[in-house]
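sharing a sequence plus its predicted fold:
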There are 2 protein chains.
Amino acid sequence: MERLKRHVCFGGVQEVHRHRSAVLGCAMEFALYLPPQAARGPVPLVTYLSGLTCTWENATTKAGAQRYAAEHGLALLFPDTSPRGLDLPGEHERYDFGSGAGFYVDATAEPWSANYRMFSYVTEELPALVGGAFPLDMARQGIMGHSMGGHGALVSAFRHPDRYRSVSAFSPIVAPSQVPWGRNAFTGYLGPDEAAWAAYDATALAASTAWRKPVLVDQGTGDEFLAGQLRPELLEAACATAGIPLTVRRQDGYDHSYYFIASFMGDHLAHHAAALRG
Amino acid sequence: MERLKRHVCFGGVQEVHRHRSAVLGCAMEFALYLPPQAARGPVPLVTYLSGLTCTWENATTKAGAQRYAAEHGLALLFPDTSPRGLDLPGEHERYDFGSGAGFYVDATAEPWSANYRMFSYVTEELPALVGGAFPLDMARQGIMGHSMGGHGALVSAFRHPDRYRSVSAFSPIVAPSQVPWGRNAFTGYLGPDEAAWAAYDATALAASTAWRKPVLVDQGTGDEFLAGQLRPELLEAACATAGIPLTVRRQDGYDHSYYFIASFMGDHLAHHAAALRG
């Protein structure tokens, strides 16, 4: 692991590292924010999963999260959104598939299955790496994300209710099996058999998950992708049936941008802190 | 004036506009944040002047300023850093001269004098434009900036103590006549006669300005440009002699980046709010 950047920020440090990922078979970069409290001992970790086309950089520079992380004593982990540097056939042709669009699944279809294993990367390999190298209390982990990353966060929590103590999402893709972005990606990464898709679909997982902690979702009503790709009402119905305490806050006029995320980041990190620092 | 973008943000709106600048002789873009209070009547305006290589976008997306502006009821104006779209000879060859590096002066040397009039643009033309189009109380204006923009903010306040009620700067170039960035830029824009440079040098202006309101400067001690280009001690000495109440806070380990700016933006906008909302 090689440190590429280090900036003092809100009394803590914002770092960027590069490492060789065995799971993905390539070199990866990630950003990690350590709050001032980390100088005195291990702190809880919240992983933030970004959306389509992003790297670690978008949320790290635009979400305004470090201020709240410093207030609450939370570390923040910002992974990339796909394997990098591979140049697989067709990997860079679409903004919503391939590079920048790993969808946080472990691909089973060729040629993606050898490298596109982002679910294992963000839930296992990368947490193990940072947990062994930084003052992090890995028994206290939360996960959050935006859009494709909101999907990833919800799926991670629902599949690993013992690993994560808190979850939240901004404008998540809640039912990828039922919307164009998800159907295209899952067909490519998981193959045409839709039965295999349910393992990466938060709305489908609601019926079987043991997750019963509060789930916080913020959704802008001015989001151009709301009706076609996001459809939070599908998750609301599934969680109501399953008895999962989901709160979807519809925020008047907000769009899909980081201006929206920044506006409610404070509420989200307070939500995580309540579960992780309690 | 044409609106290019509009995002709801912290209950207000973050907009980006394009207009034809008569002063600069070209089309320009700027960003404007209107806090929620602007829906009920005119609010004070703080202009943020960016540093080398920036456009309106850097501070608008990375400084985390909108949260505090919304809390205090302040509008924020983010101008660009030079004329655009001209392609003058040599205009795009250096990061520290020409496009992206207008240094907030009204150039007098050829070929720059026809267009590079950023001082008049940011202190007169652009405020007049936005003051006529948005709910802004133009009798209550503050100005701030970073690096080259910190220089611009200090000079604007010292030259127009009746126009601005508050000023602050992050890692400003306080004495451009005495450092390489400034000497190169002033030679190009103002010609080799150094006597003409004093009108755009905050340290030189300290002796003659009528400004006596508090001046807040934050400077990271880990800033790579501190000793060579910024040299806040020169402004401290000049302000002490002149009786200008300057506070330079040396922030341990912080660098020249937006991670530094974001960390202390709250203090700066509180400083402006105390003068503008009082």
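Ah, there it is.

quick one: secondary structure of A:G253?
Recorded secondary structure, A:G253: coil (DSSP: H, G, I helix; E, B strand; the rest coil).

give me the pLDDT for it.
If you check A:G253, the pLDDT there is 98.

apart from its neighbours in sequence, what residue is nearest it?
B:V8 (4.2 Å; C-beta to C-beta, 6 or more residues apart in numbering or on different chains). All C-beta atoms are positioned from the backbone trio N, CA, C, and that covers glycine.

for that neighbour, grab phi and psi.
Per-residue torsions, B:V8: phi -70, psi 140 (degrees, to the nearest 10).

partner residues bridging the residue nearest in space to the middle of chain A?
Most central in chain A under C-alpha atoms, centre = their mean is A:L49, positioned 2.4 Å from the mean C-alpha point. With DSSP bridges as the criterion, A:L49 is bridged to A:G145.

kindly state the pLDDT recorded for it?
pLDDT, read off for A:L49, is 98.

what's the strand or helix carrying A:L234 packed up against?
Assigned by DSSP states H and E, A:L234 falls within helix A:232-242. Judged by 3 or more C-beta pairs under 8 Å, 6 or more residues apart in numbering or on different chains; DSSP states H and E, helix A:232-242 is in contact with helix A:202-205, strand A:215-220, strand A:246-251.

so how far is that helix off the chain centroid?
20 Å (C-alpha atoms, centre = their mean, to the nearest Å).

which residues does it contact?
With contacts defined as C-beta atoms under 8 Å, 6 or more residues apart in numbering or on different chains, helix A:232-242 is touched by A:154, A:172, A:174-175, A:178, A:202-204, A:206-207, A:209, A:215, A:217, A:219, A:226, A:244-246, A:248, A:250.

coming back round to it: pretty sure the residue nearest to A:G253 contacts A:D255?
Yes: between B:V8 and A:D255 there is a contact at 6.9 Å, judged by C-beta atoms under 8 Å.

what do those two both touch?
With C-beta under 8 Å, 6+ apart as the test, B:V8 and A:D255 both reach A:G220, A:G222.

quick check: A:V155 is in a helix.
Yes: the assignment for A:V155 by three-state DSSP puts it in a helix.

ok, it - contacts?
A:Y104, A:F119, A:Y200, A:D201, A:A202, A:L205.

for the residue of the stretch 51-200 of chain A found nearest chain B, give me its contacts.
Closest residue of the stretch 51-200 of chain A to chain B, C-beta to the nearest C-beta: A:G64 (4.3 Å). If you count contacts by C-beta under 8 Å, 6+ apart, A:G64 has them with A:A262, A:M265, B:G64, B:R67, B:A262.

then A:R165?
So A:R165 contacts A:R140, A:Q141, A:G142, A:K213, A:A275, A:L276 (C-beta under 8 Å, 6+ apart).

ok, A:C54 next?
A:T81, A:G100, A:G149.

next: A:T61.
A:T61 touches B:T61, B:K62, B:Y258, counting by C-beta under 8 Å, 6+ apart.

could you do A:A206 as well?
Taking C-beta under 8 Å, 6+ apart as the definition, contacts of A:A206 comprise A:F158, A:L235, A:A238, A:C239, A:T241, A:A242, A:I244.

so which residue of the stretch 101-250 of chain A comes closest to chain B?
Counting by C-beta to the nearest C-beta, the stretch 101-250 of chain A gets nearest to chain B through A:G222 (6.6 Å).

for chain A, which spans come out with low pLDDT?
Residues of chain A meeting the criterion pLDDT under 70: none.

close to chain B: what parts of it are there?
A:7-11, A:14, A:61-62, A:64, A:66-67, A:220, A:222, A:251-255, A:257-260, A:262-263, A:266 (C-beta under 8 Å from any C-beta of the partner chain).

report the buried members of the residues you listed.
A:7-11, A:14, A:61-62, A:64, A:66-67, A:220, A:222, A:251, A:254-255, A:257-260, A:262-263, A:266 (16 or more other C-beta atoms under 10 Å in any protein chain shown).

show me where the stretch 51-200 of chain A has its strands.
Using DSSP state E, counting those that start in this stretch, the strands of the stretch 51-200 of chain A run over residues A:75-79, A:136-146, A:166-170.

tell me which of these sits most buried.
strand A:166-170 (a mean of 30; mean count of other C-beta atoms under 10 Å in any protein chain shown).

which one (most neighbours) among the contacts of A:V155?
A:A202 (33 neighbours; other C-beta atoms under 10 Å in any protein chain shown).

name all residues that make contact with that residue.
Here A:A202 is in contact with A:H151, A:L154, A:V155, A:F158, A:P172, A:V174, A:A175, A:L235 (criterion: C-beta under 8 Å, 6+ apart).

distance to B:G132 for the contacts of A:V155 - can I get that in CSV?
Putting the contacts of A:V155 into CSV (distance: C-beta to C-beta, whole Å) gives the following:
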residue, distance to B:G132
A:Y104, 49
A:F119, 54
A:Y200, 53
A:D201, 52
A:A202, 49
A:L205, 55
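
tell me the one among the residues you listed nearest to B:C26.
Among the contacts of A:V155, A:Y104 lies closest to B:C26 (C-beta to C-beta), at 44.8 Å.

drop anything exposed from the contacts of A:A206.
A:F158, A:L235, A:A238, A:C239, A:A242, A:I244.

okay, the residues you listed in CSV with distance to B:L126 next?
As requested, those are arranged in CSV below (distance: C-beta to C-beta, whole Å):
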residue, distance to B:L126
A:F158, 50
A:L235, 45
A:A238, 51
A:C239, 49
A:A242, 55
A:I244, 51
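
nearest spatial neighbour of A:P214, chain-adjacent residues omitted?
Nearest to A:P214 is A:P245, by C-beta to C-beta, 6+ apart, at 4.9 Å.

the one you found contacts A:W211, correct?
No: the pair A:P245 and A:W211 does not pass the contact test of C-beta under 8 Å, sitting 9.5 Å apart.

neighbour count: those two, which is higher?
The neighbour comparison of A:P245 against A:W211 (other C-beta under 10 Å) goes to A:W211, with 24 against 12.
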